[in-house]
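Novice: Quick one, what's the 3D model for this:
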Amino acid sequence: MTLLLSGCSEKILFAKTNPEKSEVSSDVQLDKDKSPTGENPNVVDKSEQPIVDTPVDNSNTQNQSADVPPAKNNEDSIQVISNPASIPVLVNKQNKLPDSYNPHDLVLTDIPFISGATNEKRHMRKESATAINQLFTGAKAQGISLLGVSAYRSHTTQTTLFNNYVSRDGFDKARTYSALPGTSEHETGLSIDVTGGNGKCAAEDCFGGTPEAHWLQAHAAEYGFIIRYPQGKERITGYQYEPWHLRYVGKEIALEIMSNRITLEEYFNDIPMNK
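Specialist: Residues are numbered from 1 along each chain as shown. This next block holds a predicted model:
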């Protein structure tokens, strides 16, 4: 039986089912490892390796156009994205960011976070940071209180996190609950996990069904965000429903995706095979 693990809650789930291997701190426990499925154009094939730490030369890359759908490729390989700075860039199990990629326009968000959130996790790319600030303000005006949980995470942080798991449990086991470096959406600086103002249900299933989750479903697109891993799309995204994980793609694309109840993969006509 194949299990679909939540990208954001995978470590929490792993800790519950393997108490002897739970995370050292709640801060690490709330790290969000994303790795759904799909491909991008003009990519360089790179097979999975137990520990990934070699920079990729992306000096000749160009920004991805939202109108150009990703290219298909063998599901067993990982493709390195040639245009990682694109706002609607598709990052998932088979489309990884170059190891050398660092968002050039990261800024601190102006929103409240849960206790213990690191300084790094409070950053987003400038455009998405402005949008999340506006989303929080709009929510508050309608009586909805939100807190940030985890936004940006650097490639170095993701590499250290994943390699620690490899050292502890081996590569195959680590892959069952953690994302390979470069395949976490949080490395783009365009994603953020949120929770209700009381701080409860952070990256947990109990967030679904809350007034905050309902508000996000109805209004996130107005600010350029989508629910990246929607309910009923697990076979396409590779992950269970995560109502707390917001991904900035811009208002036009967000409204199209959310109004049609599709995923980013479907928007790019990049539905994974054999899922």
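
Novice: Just the helices from the stretch 101-250 of the chain, written as ranges.
Specialist: With DSSP state H, counting those that start in this stretch as the definition, the stretch 101-250 of the chain shows helices at residue ranges 126-141, 155-169, 171-174, 211-219, 234-237.

Novice: Kindly present the ones you listed as a markdown table, with separate columns for mean pLDDT and mean neighbour count.
Specialist: Any C-beta I mention is one placed from the backbone N, CA and C, and that applies to glycine too. Converted to a markdown table, those look like this (pLDDT from 0 to 100; neighbours: other C-beta atoms under 10 Å):
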| stretch | mean pLDDT | mean neighbour count |
| --- | --- | --- |
| helix 126-141 | 98 | 18 |
| helix 155-169 | 89 | 17 |
| helix 171-174 | 81 | 15 |
| helix 211-219 | 97 | 17 |
| helix 234-237 | 85 | 19 |
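
Novice: which stretch among those helices comes nearest Cys201?
Specialist: Comparison of those against Cys201 by C-beta to C-beta identifies helix 211-219 as nearest, at 8.9 Å.

Novice: mind listing the strands for this protein?
Specialist: 44-46, 78-80, 95-96, 106-108, 123-125, 146-150, 191-196, 225-229, 242-248 (DSSP state E).

Novice: Which secondary structure element of this protein has the lowest mean pLDDT?
Specialist: Least confident element among the helices and strands of the chain, by mean pLDDT, DSSP states H and E: strand 44-46 (a mean of 32).

Novice: Ok, which of the strands of the chain comes nearest Ile271?
Specialist: Minimum separation from Ile271 across the strands of the chain (C-beta to C-beta) falls at strand 95-96, 13.5 Å.

Novice: Quick one: mean pLDDT over that closest one.
Specialist: The average pLDDT within strand 95-96 is 92.

Novice: packing partners for it?
Specialist: Here strand 95-96 touches strand 78-80, going by 3 or more C-beta pairs under 8 Å, 6 or more residues apart in numbering; DSSP states H and E.

Novice: partner strands of the strand it packs on, parallel or antiparallel?
Specialist: strand 44-46 (antiparallel), strand 95-96 (parallel) (DSSP bridges).

Novice: separation between the closest residue to Thr188 other than its chain neighbours and Leu246?
Specialist: Closest residue to Thr188 apart from its sequence neighbours, by C-beta to C-beta, 6 or more residues apart in numbering: Val91 at 5.8 Å. Distance, Val91 to Leu246, using C-beta to C-beta, to the nearest Å: 14 Å.

Novice: Low-confidence ranges, this protein, go.
Specialist: Along the chain, segments meeting pLDDT under 70 span 1-76, 176-178, 272-275.

Novice: related to what we said a few turns ago, let's have the helices of the stretch 101-250 of the chain in a markdown table, adding distance to Ser86.
Specialist: Shown next, in a markdown table, are those (distance: least, C-beta to C-beta, whole Å):
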| stretch | distance to Ser86 |
| --- | --- |
| helix 126-141 | 12 |
| helix 155-169 | 17 |
| helix 171-174 | 29 |
| helix 211-219 | 24 |
| helix 234-237 | 19 |
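
Novice: what number of residues lie near Arg122?
Specialist: Around Arg122 there are 20 other residues, counting by other C-beta atoms under 10 Å.

Novice: That one contacts Leu108, doesn't it?
Specialist: Yes - counting by C-beta atoms under 8 Å, Arg122 sits close enough to Leu108 to count as a contact (5.6 Å).

Novice: Go through stretch 216-230 and flag the buried ones.
Specialist: Residues of stretch 216-230 classed as buried by neighbour count (16 or more other C-beta atoms under 10 Å): 216, 219-221, 223-230.

Novice: ok, the residues you listed vs Arg153, which is closest?
Specialist: Of these, the one sitting nearest to Arg153 (C-beta to C-beta) turns out to be Arg228, at 15.1 Å.

Novice: Grab the nearest non-local neighbour of that closest one.
Specialist: Of all residues not flanking Arg228 in the chain, Arg247 sits nearest, at 4.0 Å (C-beta to C-beta, 6+ apart).

Novice: so what's that neighbour up against?
Specialist: Contacts for Arg247 (C-beta atoms under 8 Å, 6 or more residues apart in numbering) come out as 185, 190-191, 225-226, 228, 264.
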